[in-house]
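Colleague: Provided below are the primary sequence and the corresponding predicted coordinates.
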Amino acid sequence: MSTRYDHIVIGAGHNGLVCAAYLARAGRSVLVLEAAEEVGGAARTAEIAPGFRVSACAHLLYGLHPRVIRELSLRRHGLDYASASLQTAVMGADGSVLRLKTDHAAGAIDAADIVALPGFRRRLLKMARHLRPMLLMQPPRLAGRDLKQNIDLARLGFAIRSMGQADMRDFLRIATMNVFDLVQDNFASPLIQAAFAADAVLGTNLGPRSPGTVLTLLYRLIGEVGPVQGAVALPRGGMGAVTQAIAASARDFGATIRMGAAVGRIRVEGERVVGVELADGEFIAAGSVVSNASPQRTLLDLVGPRHLDAGFQRDIGKIRAKGNTAKLNLALSGLPAFRGLDAADLAGRIVLAGSPSAIEAQFDPSKYGEWSPEPLMEITIPSATDATAAPSGQHVLSAVVQYAPYRLKEGWDAARARYLEVLLDHLERFAPGIRQQVVAQQLLTPLDLERDYGMPGGHWHHGELAIDQLLMLRPVNGAARYAMPIAGLFLCGAGAHPGGGVTGAPGHNAAQAVLAEAKPLERAA
Amino acid sequence: MNPDLAPAQHDSARATTRIGLKETPFAPRLRPLNQFEALEYWQGYWSPAHFGNMEREYFAIRNTASVFDISPMNKYRITGPDADAFLQRLVTRDVTKISVGRVAYTVWCDDAGQVIDDGTLFHLGEQDWRLCCQEHQTFWLEASARGFDVSVREETEEVAGLSLQGPTSFSVLSRLGLGGLETLKPFGIRRWPFRGHELMVSRTGFTGDLGYELWIAPGGALDLWDALMEAGQGIGGVEPTGSHALNMARIEAGFLGAQLDFIPADKAIRAGRTRSPYELNLGWLVDLAKGQFTGRKALVEEKARGSRYCLVAVDIEGKEPAEGSLVYHKQKTEVGHITSGIWSPTAKRNIGLASLKRPFGDTKTEDLWVEIYALHELRWEKVMARVRVVKAPFFEPARRRATPPLPF
Ligand SMILES: Cc1cc2nc3c(=O)[nH]c(=O)nc-3n(C[C@H](O)[C@H](O)[C@H](O)COP(=O)(O)OP(=O)(O)OC[C@H]3O[C@@H](n4cnc5c(N)ncnc54)[C@H](O)[C@@H]3O)c2cc1C
């Protein structure tokens, strides 16, 4: 006899786990089904060589929502930071280095820019702060709203109004701008410009000159670590430890998590979701199904277009979700020697980016299905601050590599080995000798992210974070409130509002939507 | 002779006129008859509006036989293992009830349950269908095809269509030697060889009268035309008609005109201007029990909530044509307007279709008025005319359904 659950959550990515934890916390029976042998999705720690443990994909925490941390008691379940506020070293191709920590800058930067930095950050952080209420809000419908949604819409408007006249005007002016123009307007030194441009484009399929990149920058600055907005933290034990904490919390509330259980189909009967079928044919019934998989995977592959209205499935099919970001993880025999960086720099965040123009030029080849040979990288060396990451004296390096298009002209399987060489050559220019230190490596192209991490298109956000795919338009117009147009089906992953990153926000919001709409099953006494 | 001054050749189905419109396979016959160059744009084709004498054309539809060139009608061939399932998801009717050899009138909706277009669905064979409609549907059909093992191919240019309508249409067509034509029932399809081509005949039309639609490869079009003209001799002839006469006949029959009585949902720019099938008096085409189809969820909700509008047939006092006029309750409150309206020569009544805000036209049908403005020799006259809600069609002769039809 098979058990019937109130809710099945497809996928134990961090959002699926957050959602499951909230549902279980409300007393619902919850089963989480994860295709992989491990929880975490893109927030996992991988052992790339014996004793070398590194965040497989996501490595830095800057947006995990404080309410999620508090309500799910994540600290008690093991959430810990190796470093709660990292400094950033930006390295130009010419050997110049800029050091940044919150409002302070030193190194390759004009005096005027040093003076301008605090004001610029204050301005952006303030705007981001005003947008923050939207994170944990279900985007109001554009038409046919009820009172609650009208209040939400009013709050959204109010959030912008409450900035005050001058800030509001400023926000409306820059919100649709591109980050290239924004940093040109505010700074003269290329490295400080590059630092903000890099934050805006990391994980997106956008260049600094693409419209909407001010919004993606604000999105990154919305979060806080502890009390510090815009801070960047390195989780102890890698990103996998974060999801382990969430999983522990979910289990603690009573959720069941099953690994190695790939869902092959979401079963629909009489126009409502009745449960799921695993790849091996096993059927598990549930009152409702919440999917952490991407909107396209969920609706087109697992439900199937025929169960959906034609316009809706067409819109879902048109979501732009082609990743342009790769991940390179290295096991190293020693601490790499980055030119001009000291121990404190190596314990922080290292960004290889010369100028916004250089980043834009790196973006260009990706439009034509080619990688950039000298790409923007965001690097951490977690073992510098986290002794659990590597055997003593040895190190792991984690690098987010921008502009590796999902649709590579020659195909990733044929080109992967060559791309690895390109990246190592690139690193060698900044850290001479690093090639000799490599003990093991892991390269994840967008294709690998799709195949091994269940992210179709390999996109960091499960769908581009662009102005036409945000808020009420995320994932598509008319479906932004987590409930899908087919009864009993919800989305809870990065493809839903507000988007990706390790935030827990979509998972939290989806749980609220599920709890509001779906009643628990009646159980025999 | 300067080639630029050479007379245009009208012998190709794909030829374009000097204004850039396509010509149909019947153009070589229609062109010379169209002495006033009274042409209309129809989905990229030129289509005759009239041939100089609209009354004569109209009366041919009702008294003898008429032809109207329906080649510009968009035709989509839908085939493959999932063809039936694809159509079941597309349209509001239950297509499992449409047998091979039959035609059904249907509408299809967007997700919000708003009508995109109406048309006729021909069940040509197992897993083989043709959808005929006025508006282009390629994008919508392609979007709808995802997830189905189905092929959707536009074949508008590959099939010439001629609508033969009127009380003598059966007799005219019989003279082409189509044996067994008398047993063809309304909405039936039959095929005959005709001068080296296959002639497909469906007993369908847009006039509410006895009539047929004839379908043939473009190469057979002119032979068909000539044969019909010859067959009409001695029994009242076969009159070429334009869209104006046809429009009168379709209003009498109570049929809807896209862009007139409803705005195709995919073309509407303004919110709230579209209509659901229920709001077009087409609820009979909607089968909510057949399972999932696009718009079903919205239509179920509409049923529960109630519709905003209704489309009703109206009889208007007097004889001033009322198309476009506003409808008032108690001569005061505006409740809708006349979407199509004519003086009907056959019904001898001033008739129209009206889109009204419910409950008007639905439960409230008393004390309705229409405000008509008529320009009579430099003077505008305003008339408040009483409106009665009646049952469509305004004209429905027994011959429309009679099988066998009476010969002339
Ligand atoms: C290279 C890279 C670097 C990144 N760096 C950062 C960073 O530094 N900081 C940051 O905040 N964010 C970063 N991100 C983004 C962040 O990792 C993601 O946005 C986030 O992890 C998405 O979480 P999720 O729970 O919504 O989805 P996912 O983590 O994608 O989880 C979805 C889960 O569903 C499972 N699944 C899918 N289909 C099925 C099925 N049919 N049956 C069963 N299970 C299924 C998958 O296996 C997966 O476990 C990065 C992303 C990438 C790709």
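Modeller: Everything's here; your move. Just so you know, these numbers come straight off a predicted model, no measurement behind them.

Colleague: Can you give me the neighbour number for whatever residue of the stretch 101-250 of chain A ends up closest to the ligand?
Modeller: Closest residue of the stretch 101-250 of chain A to the ligand, CB to the nearest ligand atom: residue A:203 (5.6 Å). Using the backbone N, CA and C atoms, a C-beta is placed for each residue, glycine as well. Residue A:203: 26 surrounding residues under other CB atoms under 10 Å in any protein chain shown.

Colleague: try residue B:183
Modeller: Neighbours of residue B:183 (other CB under 10 Å): 10.

Colleague: Can you verify my assumption that it contacts residue B:405?
Modeller: No - between residue B:183 and residue B:405 there is no contact under CB atoms under 8 Å: 10.4 Å.

Colleague: For the closest residue to the residue of the stretch 101-250 of chain A closest to the ligand other than its chain neighbours, which residues are in contact?
Modeller: Once flanking residues are discounted, residue A:203 sits nearest to residue A:460: 3.7 Å by CB to CB, 6 or more residues apart in numbering or on different chains. Residues near residue A:460 by CB atoms under 8 Å, 6 or more residues apart in numbering or on different chains: A:42, A:57, A:203-204, A:323, A:325, A:494, A:500-501.

Colleague: now residue A:191
Modeller: Residue A:191 is in contact with A:90, A:92, A:96-98, A:107-109, A:353-355, counting by CB under 8 Å, 6+ apart.

Colleague: Return the member of those nearest to the ligand.
Modeller: The ligand lies nearest to residue A:353 out of those, by CB to the nearest ligand atom, at 15.7 Å.

Colleague: what's the spacing between residue A:346 and residue A:214?
Modeller: According to CB to CB, to the nearest Å, residue A:346 stands 31 Å off from residue A:214.

Colleague: before we move on, what about residue B:42?
Modeller: Residue B:42 sits at a distance of 48 Å from residue A:214 (criterion: CB to CB).

Colleague: who's more crowded, those two?
Modeller: More neighbours surround residue A:214 than the other of residue B:42 and residue A:214, with 24 against 21 (other CB under 10 Å).

Colleague: any idea which element the more buried one lies in?
Modeller: Assigning secondary structure by DSSP states H and E places residue A:214 in helix A:213-221.

Colleague: you'd agree residue B:130 is in a strand?
Modeller: Yes - secondary structure of residue B:130 (DSSP: H, G, I helix; E, B strand; the rest coil): part of a strand.

Colleague: Wait, it touches residue B:124, no?
Modeller: Yes - Residue B:130 is in contact with residue B:124 according to CB under 8 Å; the separation is 5.8 Å.

Colleague: The two: which is more packed in?
Modeller: Between residue B:130 and residue B:124, counted using other CB under 10 Å, residue B:130 has the larger neighbour count: 23 against 18.

Colleague: For beta bridges, what are the partners of that one?
Modeller: With DSSP bridges as the criterion, residue B:130 is bridged to residue B:77, residue B:122.

Colleague: what sits against it?
Modeller: So residue B:130 contacts B:75-78, B:121-122, B:124, B:155 (CB under 8 Å, 6+ apart).

Colleague: and if you look at residue B:390?
Modeller: B:313-315.

Colleague: Return the subset of these lying in helices.
Modeller: Among the contacts of residue B:390, no member falls in helices (DSSP state H).

Colleague: can you put those residues in JSON lines and add neighbour count?
Modeller: Below are the contacts of residue B:390 laid out as JSON lines (neighbours: other CB atoms under 10 Å in any protein chain shown):
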{"residue": "B:313", "neighbour count": "20"}
{"residue": "B:314", "neighbour count": "27"}
{"residue": "B:315", "neighbour count": "17"}
